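Q: Here is my input; please provide its structure:
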Amino acid sequence: MSEPLLKIDNINCAYDDIPVIFGVSFEVKAKELVAIVGANGAGKSTIMKTIAGLLHPIEGVIRFKGEDISRLRANQILRKGISYVPEGRRLFAKLTVAENLELGAYIEHDRNEIEKRKKEVLNLFPILEERRRQIAETLSGGEQQMLAIARGMMSDPELLMLDELSLGLMPSLVESVMETIVRIKERGTTILLVEQKVQESLEIADRGYVIQTGKIVQAGSSRELLNSDEVKKAYLGL
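A: So this is what the prediction gives:
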């Protein structure tokens, strides 16, 4: 049985000594789309920030391709092949679409490779090709979200981590963003998605984990979780 690409083993995390994540364990295999779902404030984004090196676990181990990355800094994590698209987009608002994409590839020094990646992401997001000279803050909410994803892909990650992409988007745009995530997976990219849009996330994921107040309370295939009475009652209004 092959080693998971990402393996989280019993991590505890805290902000200013206040515990927020308690003994969380999960794994992501290569080329999977795994969703971590739960209500706002459940701890989803904290887990993502910890994997990305913006926080460090106070206990437990994070392994990527078998290597312990628990204590690495964010720039080291990116060089290992993990790209994090944070909640709230965090674009360089005063720079153009093209300049934001360039900054997403700052660890790559081969100009031909950067241009190749830019062409690939602009093929995936045709609207960004049309807007490539436009200032990021003047884009619509949906276009900004697409730019944030495209910038995250410019480092050519093995694992793309997407944090609350639906936040602030109209339902029609949420559907469009989810369709884009499926297309990225079909290109062979492994994806870890955290979302409070439980049904939409599980419908596109291979497997999922449900988190409540900093703990994983359920895990299984997407079908199993969507059919779970607990998930239906707590998150789907059924």
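Q: elements contacting the longest helix anywhere in the chain?
A: With DSSP state H setting the assignment, residue counts place helix 171-186 as the longest helix in the chain. Helix 171-186 sits against strand 33-37, helix 111-124, helix 141-153, strand 190-195, helix 198-204, with contacts defined as 3 or more CB pairs under 8 Å, 6 or more residues apart in numbering; DSSP states H and E. The C-beta positions use only the backbone N, C-alpha and C, and glycine is treated the same way.
Q: Downstream of the second one, the next helix or strand is which one?
A: Toward the C-terminal end, the helix or strand that comes next after helix 111-124 (DSSP states H and E) is helix 126-130.
Q: Let me see the mean pLDDT of that next one.
A: The average pLDDT within helix 126-130 is 93.
Q: Check stretch 97-115 too.
A: Mean predicted confidence for stretch 97-115 is 94.
Q: With stretch 216-228 instead?
A: Stretch 216-228 carries an average pLDDT of 95.
Q: Any figure for the gap between the most centrally placed residue in the chain and M154?
A: By CA atoms, centre = their mean, the chain has its centre lying nearest to L162, at 1.7 Å. From L162 over to M154 the distance is 15 Å, taken as CB to CB, to the nearest Å.
Q: Quick one: neighbours of G66, just the number.
A: Counted with other CB atoms under 10 Å, residues neighbouring G66 total 9.
Q: likewise the one 5 residues further on?
A: Look at R71: counted by other CB under 10 Å, it has 11 neighbours.
Q: That one and G60 touch, don't they?
A: No: R71 lies out of contact with G60 (CB atoms under 8 Å); the separation is 11.7 Å.
Q: picking that back up, and of the helices and strands packed on helix 171-186, who's closest to F22?
A: Shortest distance between F22 and those, using CB to CB, is found for strand 33-37: 14.6 Å.
Q: Who does the residue nearest to I82 when sequence neighbours are not counted form a beta bridge with?
A: Once flanking residues are discounted, I82 sits nearest to L159: 4.7 Å by CB to CB, 6 or more residues apart in numbering. Counting by DSSP bridges, L159 is bridged to I82, T190.
Q: Check the gap between L159 and G168 for me.
A: 25 Å.
Q: The two - which one has more neighbours?
A: Between L159 and G168, counting by other CB under 10 Å, L159 is the more crowded of the two (23 against 15).
Q: Please tell me I have it right and that one contacts Y84.
A: No: L159 is beyond contact range of Y84, at 9.2 Å (criterion: CB under 8 Å).
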